[in-house]
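Asker: Provided below for reference: sequence and predicted model.
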Amino acid sequence: MSSDIYKDIILDYYRNPRNFGDLPDANVRAKDSNPLCGDIIEMQLRIGDGKISDIRFKGKGCAISQASASMLTEVAKGKTLEDIKAMGKPDVLTLLGIDPGPSRIKCALLGLKVLKLAVYMHLGQAVTEEVKQLA
Amino acid sequence: MVEKLSTINVARIREDFPILRRQVNDKPLIYFDNAATSQKPSSVIEAITRYYRYYNANIHRGIHKLAEEATLTHEESREKVAKFINAKQTCEIVFTRNATEALNLVAYSWGRSNVRKGDKIVLTIMEHHSNIVPWQLLAQEKSGTVEFIGVNDEGELRQDDVSKLIDDRTKIVCVTHASNVLGTINPIKDIGRVAHEHGAVFLVDAAQSVPHMPVSVQDIDCDFAAFSGHKMLGPTGIGVLYGKAERLEGMPPFLGGGEMIREVHTTGATWKDLPYKFEAGTPNISGAIGLGAAVDYLQNMGMGNVLAHEKEIASYALNRMKEVEGLEIYGPTDVNRRVGVVSFNLGDIHAHDLASILDEDGIAIRSGHHCAQPLMEFLGIPAASRASFYIYNTKEEVDALIEALERARKIFAR
């Protein structure tokens, strides 16, 4: 049984999400949902010296939204806030290894949107239109 | 039990729908998203094209030949729709953009002049958002209340709620004829009777019934009914509000503008007679003409046959779906209490993931909350998948659906 979208890696992250749960010493939290699917992602970050020292996520929703959020937490750990601000759709598609297509792209990008929301929140900066449009 | 077999020749019907020759992901398209919108037969597509090619003109005011032909065909469509739902008079058919606009028309025009502080609006928990939000807006504006008839475990309206909630404070009762999620056919005649006993107006959302079964608004005895053309083989952008003439006559206009006026002076204006009072501006002429062709198509087939075919497919699907491990089906188990709408969830697979996998097999289903969030909350599920059938669907297509569901189950079982 194979699927073009549901590669083993996506299903693995969906079934066994890395960095799932609460981060007790988080100093910034962000949450957003995708009204179309009802996907919800919350990111909890520990930020110090302009870097993400630790990160966890929680959420509910489809495999694509949950797997991409989990993959993002692994990538984000150790990254600077500027690194996160510079990330975009191609980075997420590379992580997933697929292009889920126009009807599912918002599922894939919800995690990145929430991650960026957390960063902007921490920096006290206004969220850009580009970020708002991600998912 | 002797099953009533439909007398529909599906192979012949399928030839009338050019889109069914399409491939999706190198597989033949299997279209099971009919409750969202139906496909269109060549006769509908051609009726629209013929209008634009041969007699495109604005209607009602033109003196020239084209305007005359366009007006005539547009108004013939109105007559066809009136006969199709057994309205008493053709003037009781108001063309709108869709069922949503028809419902809003009632909420604005009738609602704003009839609902007062403390009045009650009774809906059901299985309404589509289009039959909830306009009433919430109205209730907010008028300080009225909105109450919901609940659903039992079988996906049917709770009878005790009907008698408990509808009272002398109730101004209007709005009920869907058939649920777009559960497929339940509601006992609307009975509910209408209760509404009328309490002096309330009775409105039926017929978006999921008029395309799929014989509907007589006189028999139902509803004051209003709303439905969309695009769910019944017609084009998008055309819908219908049926209203009893005496109700519509007492209502102020909805939108103001051209087409709907008798006279306009600097001091004010007077309105045209029904139904034109509610049709401001140049209407969707090609849409109405396309809807007329769709009604012809369905009339030729006979709505009893349409219903029988859908029941046959739905019954087959319900039985075969039971074979799929972990598949949960919502709504009545008795196929005679349903239209051809089957909503389900497969294990813990999110409905959108399921829809993506089925799409790989060329199968179009819907997934999500189906614009019925209160019902989804009531069922305690964030989303569901939905297969909905129509005249051109076959048992072989249902078999392909079952295979695809098995494939999805195995993919997610890894």
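Answerer: Arrived safely, thanks for sending.

Asker: pLDDT weak spots in the chain?
Answerer: I'll assume chain A. A:1 (pLDDT under 70).

Asker: try again with chain B
Answerer: Judged by pLDDT under 70, the stretches of chain B that qualify are B:1-6.

Asker: how close does the spatially most central residue of it sit to chain A?
Answerer: The centroid of chain B falls nearest to residue B:207 when counting by C-alpha atoms, centre = their mean (1.2 Å). Going from residue B:207 to chain A by C-beta to the nearest C-beta, to the nearest Å gives 21 Å. (Glycine included, C-beta is placed from N, CA and C.)

Asker: check contacts around that residue.
Answerer: Each residue near residue B:207 by C-beta atoms under 8 Å, 6 or more residues apart in numbering or on different chains is listed here: B:99, B:128, B:176, B:180, B:226-228, B:231.

Asker: repeat that for residue B:86.
Answerer: Residue B:86 neighbours (C-beta under 8 Å, 6+ apart): B:215-219.

Asker: helix, strand or coil: sort out it for me.
Answerer: At residue B:86 the chain is in coil, as set by DSSP: H, G, I helix; E, B strand; the rest coil.

Asker: next one: it from chain A, what distance?
Answerer: Applying C-beta to the nearest C-beta, the value for residue B:86 to chain A is 38 Å.

Asker: where does that residue fall, phi/psi-wise?
Answerer: Residue B:86 has phi and psi values of phi 60, psi 50 when expressed as degrees, to the nearest 10.

Asker: how many neighbours does the residue in the stretch 151-300 of chain B that chain A sits nearest to have?
Answerer: When scored by C-beta to the nearest C-beta, the stretch 151-300 of chain B has residue B:181 as its residue closest to chain A, at 14.5 Å. Residue B:181 sits with 26 neighbouring residues when counted by other C-beta atoms under 10 Å in any protein chain shown.

Asker: my read is residue B:293 is in a helix, agree?
Answerer: Yes. Residue state for residue B:293 (three-state DSSP) corresponds to a helix.

Asker: ok, and the closest non-adjacent residue to it?
Answerer: For residue B:293, ignoring the flanking residues on the chain, the nearest one in space by C-beta to C-beta, 6 or more residues apart in numbering or on different chains is residue B:47 at 3.7 Å.

Asker: what's the local residue count around residue 49?
Answerer: Since no chain was named, I'll use chain A. Residue A:49 has 7 neighbours, counted by other C-beta under 10 Å.

Asker: correction: the question concerned chain B.
Answerer: Residue B:49 has 13 neighbours, counted by other C-beta under 10 Å.

Asker: same thing with residue B:34?
Answerer: Counted by other C-beta under 10 Å, the residues lying close to residue B:34 total 27.

Asker: got the contact list for it?
Answerer: B:231, B:340, B:388-390, B:393.

Asker: next one: residue B:14
Answerer: Residues near residue B:14 by C-beta under 8 Å, 6+ apart: B:20, B:392.

Asker: so it, which of the three states?
Answerer: Here residue B:14 is recorded as helix under three-state DSSP.

Asker: hey, C-alpha coordinates of stretch B:243-261 in PDB?
Answerer: Extracted as PDB, the C-alpha positions of stretch B:243-261 are listed here (Å, rounded to 0.1, in the frame of the first residue of the first chain):
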ATOM      1  CA  GLY B 243     -42.900  31.700  -0.500                       C
ATOM      2  CA  LYS B 244     -46.600  31.500  -0.100                       C
ATOM      3  CA  ALA B 245     -48.000  34.500  -2.000                       C
ATOM      4  CA  GLU B 246     -49.700  36.000   1.000                       C
ATOM      5  CA  ARG B 247     -46.500  35.900   3.000                       C
ATOM      6  CA  LEU B 248     -44.400  37.400   0.200                       C
ATOM      7  CA  GLU B 249     -47.000  40.100  -0.400                       C
ATOM      8  CA  GLY B 250     -46.800  41.300   3.200                       C
ATOM      9  CA  MET B 251     -43.000  41.600   3.100                       C
ATOM     10  CA  PRO B 252     -40.900  44.700   2.300                       C
ATOM     11  CA  PRO B 253     -38.300  44.400  -0.500                       C
ATOM     12  CA  PHE B 254     -34.900  42.900   0.200                       C
ATOM     13  CA  LEU B 255     -32.600  44.700  -2.200                       C
ATOM     14  CA  GLY B 256     -33.600  47.900  -3.900                       C
ATOM     15  CA  GLY B 257     -32.800  48.900  -7.500                       C
ATOM     16  CA  GLY B 258     -33.900  48.400 -11.000                       C
ATOM     17  CA  GLU B 259     -36.300  45.600 -12.100                       C
ATOM     18  CA  MET B 260     -38.100  45.600  -8.700                       C
ATOM     19  CA  ILE B 261     -39.800  49.000  -8.900                       C
END
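
Asker: test my guess that residue B:142 contacts residue B:119.
Answerer: Yes. Using C-beta atoms under 8 Å, residue B:142 is in contact with residue B:119, at 6.9 Å.

Asker: what's the longest helix seen in chain A packed up against?
Answerer: In chain A, with assignment by DSSP state H, the single longest helix is helix A:105-123. Where contact means 3 or more C-beta pairs under 8 Å, 6 or more residues apart in numbering or on different chains; DSSP states H and E, helix A:105-123 is packed against strand A:28-34, strand A:39-48, helix A:63-76, helix A:81-86, helix A:89-96, helix A:129-132.

Asker: what's the last one packed up against?
Answerer: I take that to be helix A:129-132. So helix A:129-132, by 3+ C-beta pairs under 8 Å, 6+ apart, packs with helix A:105-123.

Asker: the closest residue in space to residue B:60 that isn't next to it in sequence: which element?
Answerer: In space, residue B:60 comes closest to residue B:71 once its chain neighbours are excluded; the distance is 5.7 Å by C-beta to C-beta, 6+ apart. Using DSSP states H and E, residue B:71 sits within helix B:65-84.

Asker: next one: the residue nearest to residue B:60 relative to chain A, how far apart?
Answerer: According to C-beta to the nearest C-beta, residue B:71 stands 41 Å off from chain A.

Asker: what about the residue of the stretch 1-150 of chain B found nearest chain A, how many residues nearby?
Answerer: Nearest residue of the stretch 1-150 of chain B to chain A, counting by C-beta to the nearest C-beta: residue B:25, 8.4 Å away. Here the number of neighbours of residue B:25 (other C-beta under 10 Å) works out to 11.

Asker: ditto for residue B:43
Answerer: The local packing of residue B:43 (other C-beta under 10 Å) involves 15 other residues.
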